[in-house]
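>>> need a 3D model of the sequence below.
(one chain, ligands or ions: 2)
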Amino acid sequence: MTSAPTPLAAIVLAAGKGTRMKSQKAKVLHEVGGRPLAWFPLLRALEIGANPVVAVVGHQAEAVEAALAAALPGAPLRFAVQREQLGTAHAVLAAREALGAFDGPIAILSGDTPLLQAETLHRVVAARAGGATLALATMKLANPRGYGRIVRDPAGNPARVVEEKDANDAERAIDEVNAGLYCADAAFLWDALSKVGSQNAQAEFYLTDLIAMAARAGGVVAVPVPPEEASGVNDREELARAGRVLLRRRASALMRGGVTIEDPERFDCDEGVEIGADTVIEPNVRLKGRTRVGAGCRLGVGAIITDATLADGVTVNPYTVIDASTVAARAIVGPFSRLRPGSEIGEEAHVGNFVETKKTRLGKGAKANHLTYLGDAVIGPRVNVGAGTITCNYDGEKKHPTVIGEGAFIGSDSILVAPIEIGAGSYVAAGSTLTDSVPPGSLALGRAKQVTKEGWVARRQAEKQNKGAAEAAPPPAPGEGPRGGRAS
Ligand code: UD1
Ligand code: MG
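Ligands and ions are numbered 1, 2, ... in the order given. Here you go, the predicted structure:
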């Protein structure tokens, strides 16, 4: 990654409410790619070497600070609170104390621009280093509505920015707008900000007043940036669109790294998810949280994998849900499996159709292929868990463990009432309900003894025929016969 040539600080404005989101939650806490909106510009600033980076919070300050600090652990991040949102200039001033004596260049970013790329931010910072008092990111828009317009002087240099609400018709016709990304030296910034007033259409302290001041000082350098990167997220539609762009970028980066994504338009992956080369991802897979997928895996249609670690060569068949679990090399999971938190699936193990696991370790090569619940269990290598097996781990108050030793064979439809231990190599007969542990090498049967009545069918048919003949007979006269009437 590019790094700043000189010391650099950054301020990310994230105090606004985001009225157009129509939300109880502050705008910058809405997520794309599994991260709050403001995480992105903060990370971009960190990526180009800014230190410190100050997030200006205000609306729901505590929640915003907590979420951002948690999302960027260990980063040189500081927080400044802007109690009342009196405008963008006022917001930048709120960061002054947090920056202390820092006297180098300061980049200013908006908290709602998740598509900004580090390279673009770096270009704005580098442009100011060329000697201008202020670098200003600009973009040309077919529809510039809502943005501050760049007014240039006769020589073609940026002279000032006029906000939409303060602009006259001629100014509103300008299609070059302020992208809301700046870089200026601390000395200029603090001095100029102290002079900004609020005599304008919105009675706000406009950061954009600095453009005219910088133009009169050492000049302003305009840096054209891609509109896609600088446009902010203001409502739910823009949130969804930004999420889509991020996913396309993630998919491209992964494909460049050797991952096959069968349909990048039907691919969903949080920021930070890692996927190894030669892994194939079928459509509609969702990868969330701190998930890591090894090399040479196959993730089937509709798999939803959250905070999980998959080793190399794992197959996840369609419609499998994996949550906070690990799957070792060459294991096969699904279709329609559900691995709940704390599942550890061993090498080459199989977890099949409609199998649910929770806090369960499945040893190397063990199999649970059909219709099974395994909770709080430790299952040894090469154990075969038959269809319909249930570990009864909960007694209504507490959870209890089930331990199954290496190579044991659990017959289909077995109920293992925990706590219980099935010894290595033992057999549990199909249909057993076991409440007591079984020593190694045993056969355990826990079911009613089978009773077979030979010739029963023929006897029953004969009985039926006799009864039918009796009922076909004419009804007895009232008062006659055992029932006193005809059965229906
Ligand atoms: C601002 C610019 C406009 C530019 C546009 C680009 C001003 C006066 N105008 O307008 O020229 O074209 O961005 O997107 O700066 N914020 C605070 N505290 C406040 C006010 C705002 O933290 O008191 C934060 C917001 O949360 C947001 C950012 O500053 O992240 C921008 O504020 P916003 O109100 O969206 O400014 P715009 O009207 O879009
Ligand atoms: Mg805005």
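>>> so the nearest residue to residue 41 once chain neighbours are set aside is in which element?
In space, and not counting its chain neighbours, residue 41 is closest to residue 109: 4.3 Å by CB to CB, 6 or more residues apart in numbering. In short, each C-beta sits where N, CA and C put it, glycine included. Per DSSP states H and E: residue 109 is located in strand 105-110.
>>> and for that strand, what's in contact with it?
Strand 105-110 is contacted from outside by 6-13, 41, 44-45, 50, 92, 99, 116, 121, 124-125, 128-129, 180-186, 189, 207, 232, using CB atoms under 8 Å, 6 or more residues apart in numbering.
>>> what about the residue nearest to residue 41, neighbour count?
If you count neighbours by other CB atoms under 10 Å, residue 109 ends up with 29.
>>> same check, this time on the one 3 residues further on
Applying other CB under 10 Å, we find 26 residues neighbouring residue 112.
>>> can you name the residues that contact it?
14, 16, 18, 27, 28, 37, 38, 232, 233, 234.
>>> a helix runs through it, doesn't it?
No: checked against DSSP: H, G, I helix; E, B strand; the rest coil, residue 112 lies outside a helix; its state is coil.
>>> near ligand 1, which residues of this structure?
13-16, 56, 58, 82, 85-88, 90-91, 110-112, 147-148, 161, 163, 177-180, 206-208, 232 (CB under 6 Å from any ligand atom).
>>> switch to 5 Å and redo it
13, 15-16, 85, 87-88, 91, 110-112, 147-148, 178, 180, 206-208, 232 (CB under 5 Å from any ligand atom).
>>> of those residues, which belong to strands?
13, 110, 178, 180 (DSSP state E).
>>> near the second one, how many residues? Count them for me, please.
Residue crowding around residue 110 was assessed by other CB under 10 Å; the count is 23.
>>> again, but for the first one
Around residue 13 there are 28 other residues, counting by other CB under 10 Å.
>>> quickly list what it is bridged to.
Note on residue 13: beta-bridge partners by DSSP bridges are residue 56, residue 110.
>>> show me the contacts for it.
56, 88, 91, 92, 108, 109, 110, 111.
>>> ok, the second one to residue 219 distance?
According to CB to CB, to the nearest Å, residue 88 and residue 219 sit 21 Å apart.
>>> between the two, which one's more packed in?
Each of residue 88 and residue 219 has its neighbours counted (other CB under 10 Å); residue 88 has more, 25 against 14.
>>> quick one: residue 271 is in a helix?
No: in this structure, residue 271 is coil, not part of a helix, as judged by three-state DSSP.
>>> wait, isn't it in contact with residue 249?
No: counting by CB atoms under 8 Å, residue 271 does not reach residue 249; the two are 10.0 Å apart.
>>> looking at these two now, which is surrounded by more residues?
The neighbour count for residue 271 versus residue 249, taken as other CB under 10 Å, is higher for residue 271 (17 against 13).
>>> how about that one, nearest residue that isn't a chain neighbour?
residue 33 (4.2 Å).
>>> list the contacts for that neighbour?
114, 243, 246, 247, 250, 269, 270, 271.
>>> check what pLDDT the third one gets.
Per-residue confidence (pLDDT) for residue 246: 97.
>>> got a pLDDT number for the residue in the stretch 201-350 of the chain that ligand 1 sits nearest to?
When scored by CB to the nearest ligand atom, the stretch 201-350 of the chain has residue 206 as its residue closest to ligand 1, at 3.8 Å. At residue 206, the model reports a pLDDT of 98.
>>> can you report how many residues neighbour it?
23.
>>> I figured it hits residue 163, correct?
Yes: the criterion here is CB under 8 Å, and residue 206 meets it with residue 163 at 6.4 Å.
>>> which residues do these two both contact?
Common neighbours of residue 206 and residue 163 (CB under 8 Å, 6+ apart) are residue 200.
>>> now find how far off-centre the helix ranked longest in the chain is within its chain.
Longest helix in the chain by number of residues (criterion: DSSP state H): helix 236-256. The chain centre lies 13 Å from the centre of helix 236-256; the measure is CA atoms, centre = their mean, to the nearest Å.
>>> quick revisit: format the ones in strands among the residues of the chain next to ligand 1 as a markdown table; extra columns: pLDDT.
Formatted as a markdown table, those follow (pLDDT from 0 to 100):
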| residue | pLDDT |
| --- | --- |
| 13 | 98 |
| 110 | 97 |
| 178 | 97 |
| 180 | 97 |
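>>> domain assignment for the protein?
What automatic domain parsing lists as the domains of the chain is 9-230, 236-444.
>>> between those, which gets nearest to residue 466?
Comparing the domains of the chain against residue 466 with CB to CB, the closest turns out to be domain 236-444 (35.7 Å).
>>> now the end-to-end length of the closest one.
60 Å (CA to CA, to the nearest Å).
>>> and the helix or strand containing residue 463, how far out from the chain's middle?
Per DSSP H and E, residue 463 falls inside helix 456-472. Distance of helix 456-472 from its chain centroid, counting by CA atoms, centre = their mean, is 67 Å.
>>> show me the contacts for residue 26.
17, 18, 59, 60, 63, 64.
>>> for the chain, give me the ranges with low pLDDT.
Where the chain drops to pLDDT under 70, the residues are 1-5, 474-488.
>>> let's see that with 50 instead.
1-4, 480-488 (pLDDT under 50).
>>> which residues does residue 277 contact?
257, 258, 259, 295, 296.
>>> list the buried residues for stretch 430-441?
430, 431, 432, 434, 437, 438 (16 or more other CB atoms under 10 Å).
>>> okay if I get the residues you listed as TSV plus distance to residue 389 and secondary structure?
As requested, the buried residues of stretch 430-441 are exported to TSV (distance: CB to CB, whole Å; DSSP: H, G, I helix; E, B strand; the rest coil):
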residue	distance to residue 389	secondary structure
430	10	coil
431	10	coil
432	10	coil
434	11	strand
437	16	coil
438	14	strand
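>>> about what we covered before: buried subset of the residues of the chain next to ligand 1, written for PyMOL?
Burial among the residues of the chain next to ligand 1 is assessed by 16+ other CB under 10 Å; the matching PyMOL selection reads:
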select buried, resi 13+15+16+85+87+88+91+110+111+112+147+148+178+180+206+207+208+232
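>>> gap between the closest residue to residue 45 other than its chain neighbours and ligand 1?
Taking CB to CB, 6+ apart, and ignoring the residues beside it in sequence, residue 45 has residue 10 as its nearest neighbour in space, at 3.6 Å. Shown here: residue 10 relative to ligand 1, a distance of 14 Å by CB to the nearest ligand atom, to the nearest Å.
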